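>>> I would like to see how this sequence folds:
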Amino acid sequence: MAHRVRSGTNKSVDTLNGIPRKESTAARTTYSKNSDNESIYESIVNFLASAYNSETQEFLGRTALGWALILSFYIVFYMSLALIYSGMWFLWREVILNADSPKYSGPEDGLAWSPGVSHVPIIDPDRKSTLIRFSRSNDTQTEELANFMYDNFLKFYEPDYWTSANGNFIDCTSGRTDDDIEKVCEFKLDDIRPCTLEDGYGWGDGQPCIILKLNKVNNWWPENYNESEVPDEIKDVWQKNVITLNCYGSDPVSRESIGAIEYYPMQGWSFDYYPFTGQQGYKSPLVAVQFMELPHRMAVFITCKAYTKNMVYHASYGLGMTQFEIISD
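Predicted structure coming up:
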């Protein structure tokens, strides 16, 4: 029979085999957890003891005043960063990218102190080419051209886009009747008939309408020519208080082949729409130029030039003029 005896070392010994009995796993686990808890507690106590110096009343090496000063510094520092960022954002959003104010606004901008002339459509999405090529017999293409002009530009002249609740629009059909320059003359798409979406802007008939406008320059006032100063090329069509528009072939061959040209609603832009001062809802007036007799399968190079006494011309920058080419297949 086997007998169990207690050894002198307090360990249970199997007298049959002479092998010490193993302690239970639960006992060892409990002991280990207690040791870990004591170790964590001691670590916390040691950290607090080292973090706070009761003699100098410092926490992590700084007094309460020191912590208050450094906290105040970072509060002021990050508030300053926030104010700088907010100021730059406001400057970018409200001044540089302000939809109601142009980028150039005075003689300090050099050549920009004169409006450029823009035309629609520009087919090239990268705006690197001014060539307009179309086939009058291709109904799909001519319809796409008409829709392109309307969707990307002309629809913004619909009343839903320019009607203002503050009543700053006036009817200038018979001339401006209000001297308040903050009042904006209405421009309606009906004014450029027969160049309308319903008529496909003439593309399907081979008589395309090109829409022209003067770019906005803040506080630019057009000036009248004296009668003796009117350029020869517009003497027959020049009117007082109108920025005269003249389109012609850019080279001798184009001048011979360009054919008849019609302008709607007039051959230029009335002074009544100027100056632009950032008025709410302002839309630049338009002139529709319709080419009635374009030749087939021949490139026609066209220049359209605006005339007034204080107009500056620069072909590369499009100041005072615009140039494009049309090929009708």
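>>> ok so Ser80 is a helix residue?
Yes. Assessed by DSSP: H, G, I helix; E, B strand; the rest coil, Ser80 belongs to a helix.
>>> That one: neighbouring residues, count only.
As a burial measure, Ser80 scores 10 neighbours (other Cβ atoms under 10 Å). Glycine gets a C-beta too; all of them are placed from N, C-alpha and C.
>>> what's the answer for Asp190, then?
8.
>>> Can you classify the closest residue to Ile123 other than its chain neighbours by secondary structure?
Excluding the flanking residues, the one nearest Ile123 by Cβ to Cβ, 6 or more residues apart in numbering is Ile132, at 5.8 Å. Assigned with three-state DSSP, Ile132 falls in the strand class.
>>> State the distance from Ile132 to Asn138.
According to Cβ to Cβ, to the nearest Å, Ile132 and Asn138 sit 14 Å apart.
>>> more crowded one of these two?
Ile132 (21 against 14).
>>> do you know how far that one is from Asp124?
9 Å.
>>> Kindly report the same for Gly268.
27 Å.
>>> Which of these two has more residues huddled nearby?
Gly268 (25 against 11).
>>> distance of that one from Gly278?
From Gly268 to Gly278 the distance is 24 Å (Cβ to Cβ).
>>> Just the buried residues of whichever strand or helix holds Gln323, please?
Gln323 belongs to strand 321-328 when assigned by DSSP states H and E. Going by neighbour count (16 or more other Cβ atoms under 10 Å), the buried part of strand 321-328 is 321-322, 324, 326-328.
>>> would you turn these into CSV with pLDDT and distance to Asn241?
What follows is the buried residues of strand 321-328, written out as CSV (pLDDT from 0 to 100; distance: Cβ to Cβ, whole Å):
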residue, pLDDT, distance to Asn241
Met321, 95, 21
Thr322, 95, 23
Phe324, 95, 28
Ile326, 96, 31
Ile327, 95, 37
Ser328, 92, 35
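>>> Can you add distance to Gly87 and give those residues back as CSV?
Formatted as CSV, the buried residues of strand 321-328 follow (distance: Cβ to Cβ, whole Å):
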residue, distance to Gly87
Met321, 39
Thr322, 38
Phe324, 42
Ile326, 48
Ile327, 51
Ser328, 53
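>>> Of the residues you listed, just say which sits nearest to Pro208.
Ile326 (6.9 Å; Cβ to Cβ).
>>> May I have the beta-bridge partners of the closest one?
Ile132, Val300 (DSSP bridges).
>>> surely it meets Ile132?
Yes. When contacts are counted by Cβ atoms under 8 Å, Ile326 is listed as touching Ile132 (4.9 Å).
>>> can you give me the end-to-end distance of stretch 259-267?
16 Å (Cα to Cα, to the nearest Å).
>>> contact partners of that stretch?
Contacts to stretch 259-267, defined as Cβ atoms under 8 Å, 6 or more residues apart in numbering, come from residues 191-195, 237, 239, 242, 244-247, 287-295.
>>> filter those residues to the buried ones?
Burial by neighbour count, 16+ other Cβ under 10 Å: within the contacts of stretch 259-267 this picks out 191-192, 195, 237, 242, 244-247, 287-291, 294-295.
>>> which two in those residues are spaced the farthest apart?
Val242 and Pro295 (30.4 Å).
>>> Roughly how far does Trp278 sit from Arg127?
Heads up, residue 278 is Gly, not Trp. Distance from Gly278 to Arg127, by Cβ to Cβ: 26 Å.
>>> more crowded one of those two?
Gly278 (15 against 8).
>>> and the more buried one, that's in a strand?
No. Looking at Gly278 with three-state DSSP, it is coil, so not inside a strand.
>>> Give me the pLDDT value at it.
According to the prediction, Gly278 has pLDDT 82.
>>> ditto for Arg6
Taking Arg6 on its own, its pLDDT is 46.
>>> now swap in Val95 and tell me
66.
>>> go on, Lys188?
For Lys188, the predicted pLDDT is 89.
>>> Keep only those of the buried ones among the contacts of stretch 259-267 that are in strands.
242, 244-247, 287-291 (DSSP state E).
>>> right, and out of these, which lies closest to Gly116?
Once Cβ to Cβ is applied, the member of these that ends up nearest Gly116 is Leu245, at 13.4 Å.
>>> Just list whatever residues bridge to the residue lying closest to the closest one once chain neighbours are set aside.
Excluding the flanking residues, the one nearest Leu245 by Cβ to Cβ, 6+ apart is Gly268, at 4.6 Å. On the basis of DSSP bridges, Gly268 is bridged to Thr244.
>>> show me what contacts Gly268?
Applying Cβ under 8 Å, 6+ apart, we find Gly268 in contact with 239, 242-245, 287, 306-307.
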